Structures are given as C-alpha cells and as structure tokens.
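Visitor: A structural model of the following input is requested.
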Amino acid sequence: MVSCPLSLKHKILLESCAGDRRHSFSSLASRYGIRGGERTIQRWHTQWDGTPISLERRRGQGRKAILTPKQVQQNITKPIRRANQDHVAIHYTDLVDTLRKETHQNVSVRTVQRYGKKNEGVRHSATKKRTEQECKNISPYFLTIAPFSTCTYNIFPNARFFLVFSVSAKACLDIARIRRVIISQSKSRILFLDETHLRIGAARRTTLVAPGESQVIVVDDTATYAPRYDMIACVSGDRVFPPMIFSPEDKEEWGQSGVSKEMVLYYIEHLLAQAVGSLDLFPLSLIVDKSTSHHPQEMLQVFHDNGCQDMQTIWLMPTHSAKRMSPLDNTLVHPWKEAVRKRGPMTKKNIVQVMADEWNKISANTLRTHYRHCGLLHGIDPYFDCPNPSAHQHHNA
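Guide: As a prediction, this is how the structure comes out:
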C-alpha cells in the first residue's frame, strides 16, 4: 500500500480540531480518502509532536509479520503451484488448516490471502477446462495466453430496447395467499419438490494461480452439451429427502432428454412416498411449480397408492413465482452445486455419489435460512419482495 506523504499527514493534523465535526478525524479521513479512516489519523496524532519529521516511519513500526518468508513459500506458494501443475483447482480455504498445523498459529483466511496476493503475486482467476488429451496436444505456453482474436456477434446492432417482464398485482396476491397458508402451518408439514441437474466435468469456476502457471484444470468433458445427470429432490422445513438421480443411460431407457412426468411419478412411488410416510405427520402438503412434469392429481394418487395417506394437498405455484417462494429455487440448489463442484471435477464414476452425498449433508439450519429468504416464516410481510409496491398498493387494498 502506498503511504501518505509527510506533508499531507501534517496538513491533516493541523486541520484537525477536537469538538468540531467538520474537522474531526472521521470527517478528515473521508475528505482526503485516507485508508483506515479515523483510526489511521488517530495513530498519526499519537506519534505527532507538531512537526512533520515526527511522522516519519521508524524502524520496527507497522504490522509485525505473522509468517516467515519460508513458511509462506512452503505452505502457500508451493501448494498453489503444485495444484496448478497438476491442473487442479485450489482456493485459500484449502490451505488454512494445513498452514495452522505447520505453523501452530491461528491464521485467518484473510491473512493467508494477503500473503499470497501481496507477497507472492498469487492471483484469483477463472478456470479453463481442458481434457487430458487437450493438455497433451496443446503446448503449456499456449494454455497461459489469451486467444489471438475474439469475435462479437451482434444480431441487432442498432437495437435500443430492453426486455422487461412485469409482475402484476394479482401475481403478488397469489404468492401472498400461499405464503400465509404456509406460515400458519408447521414447516415440517410443507414440502417442496423440484428438478435440477449437473454435467460431467463440473468443477470449481475459479482457482488460485501462482506466477508463471496456468489456470487450466483437467476434466473428462469440456463441451457445453456434456452428459447431463438430472436429479429430482424434495425438502421440508427441517430435512431433505433422499433424491433420485437419472444418468444419461437411464433417460435413454425412458426415452427422455430431461425429467418427464413418468419419472417424477416413479420417484414418488419408489422413494419419496415411503420417506414421507415415515414422518407420521398429518396433514402434509407438497408445493411444485407449473412444469409439464408436475401433475398434482396423478402425483397425489401415487402417494395414496403407496401408503402415504398423510399427503393431502399438492399445490401449483403461480406462474414465474418459483424464484420468490420456493426454497429450492431461492437458492438452495446454488450452494449445493458449489459444494459438488468443490469436490470436482465430476466424472462418470463419482458424479452420482457426490451429488447424493452433498444433498444429504444439507442441514436444518440451512433450510430455515432459505425458507426465510422466501418469506415463509412468521413475522415476515408476505409482500416483502413485491417489485412495485407503490403501484400495487397491497396494504391499502
């Protein structure tokens, strides 16, 4: 960090005046853009004797080094460089535990980041996926440089418009009506079901890169249309239920490219109905979106046919409301995918097991957090996320 000139420090301290808001340490720090704010100027004032010379940096001043250069090299730079050469993604959180054991110091992730960035020149970069064959055929130099040229395709070069999806007052009313019903009941009796997917080659999107190394990671498939594994999942307010994962081979047997109505019914019949029936709670309600794979009457019938008479109601969420009121869409699936990518890259051998393991690790506290995001807990206004409250006037109706 570049230090302030002695003349500027002296000028600021001369302007300071106790009891005057316009010339307080905090206002002066804001006016001159001093990093560290009021505490920095307070430290200058303690050292100052009225002359600029007294503000000179003395030997031994400043932050004391927590780690020695050797410790930084052995426990930060070398592991990052080794991961880069092995084409594996790595983050600072992967280094902290080992560093604490080796140095016997309770070093924070922020401290490790500071040493890596400022002392060793480690940068944070988006990963580049390559297969093993691509890594063999492409020279290391090519992997570290940017493409020679890029092409931009502008379909409407003279267009000056935005595509806006408006939300009607009726949509907010429909969402609020369902929220009120959910809030009035125990969250363990309200279930949400949805589908998601991951592809072969899923891996961390960013990695640390040591100077002179590449951000390339090795995966089984780098294509956008890599083999896709679809998962049907269900949660309540305090637990996750076992998911069902369909591989490309499974979907080929079903004659489907994604999740169909028959696959959802199969999940309920062979897995979900038994898991939900074991809760011994009555009544139960299931909430799903308006996907073509969701047919409430048929789904409810399958629950009853398989011994789960506790399931009484299956609701369809209003159109375009899943992001606002479904914990799975807002946004429980995102941290789950990140946890899976952290154990990546995904291959045909491990993707099903990792997807299931990370899903079953989701805790009740995490679920409660996402229920709160969706306004499904007591004390939250059912219209809290209305995009246009002044026009809708919900509370004046």
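
Visitor: where exactly do the strands run in the stretch 1-150 of the chain?
Guide: Applying DSSP state E, counting those that start in this stretch to the stretch 1-150 of the chain gives strands spanning 123-126, 128-130.

Visitor: So in that sheet, which strands flank the longest one, and in what orientation?
Guide: In this case it means strand 123-126. strand 206-209 (antiparallel) (DSSP bridges).

Visitor: and the helix or strand that the partner strand is followed by, what's its mean pLDDT?
Guide: Proceeding N to C from strand 206-209, the next assigned helix or strand is strand 216-218, under DSSP states H and E. The pLDDT scores in strand 216-218 average 78.

Visitor: and strand 216-218, what other elements does it pack with?
Guide: strand 128-130, helix 132-137 (3 or more Cβ pairs under 8 Å, 6 or more residues apart in numbering; DSSP states H and E). C-beta here means a position set from N, CA and C on the backbone, and glycine is covered the same way.

Visitor: could you check the distance from the residue nearest the centre of the chain over to K64?
Guide: For the chain, P335 is the residue whose C-alpha lies nearest the centre (Cα atoms, centre = their mean; 4.9 Å). According to Cβ to Cβ, to the nearest Å, P335 and K64 sit 37 Å apart.

Visitor: What of T366?
Guide: T366 is 39 Å from K64, by Cβ to Cβ.

Visitor: These two: who's more crowded?
Guide: Applying other Cβ atoms under 10 Å to T366 and K64 shows that T366 carries more neighbours, namely 16 against 6.

Visitor: chain center to the helix or strand hosting the more buried one, what's the gap?
Guide: Per DSSP H and E, T366 falls inside helix 364-373. From the chain centre to the centre of helix 364-373 is a distance of 15 Å (Cα atoms, centre = their mean, to the nearest Å).

Visitor: just stretch 187-198 next, same as before
Guide: 19 Å.

Visitor: Of all the residues in it, which ones are buried?
Guide: 187, 189-198 (16 or more other Cβ atoms under 10 Å).

Visitor: could you give the mean pLDDT of it?
Guide: pLDDT averaged over stretch 187-198 gives 92.

Visitor: Repeat that for stretch 338-352.
Guide: Averaged across stretch 338-352, pLDDT comes to 88.

Visitor: Pull the residues that contact that stretch.
Guide: Outside of stretch 338-352, the residues within contact range by Cβ atoms under 8 Å, 6 or more residues apart in numbering are 89, 129, 198-205, 217-220, 227, 229, 245, 247, 354-355, 358, 361.

Visitor: now, which of those residues lie within strands?
Guide: Secondary structure assignment by DSSP state E places 129, 198-199, 217-218, 229, 245 of these in strands.
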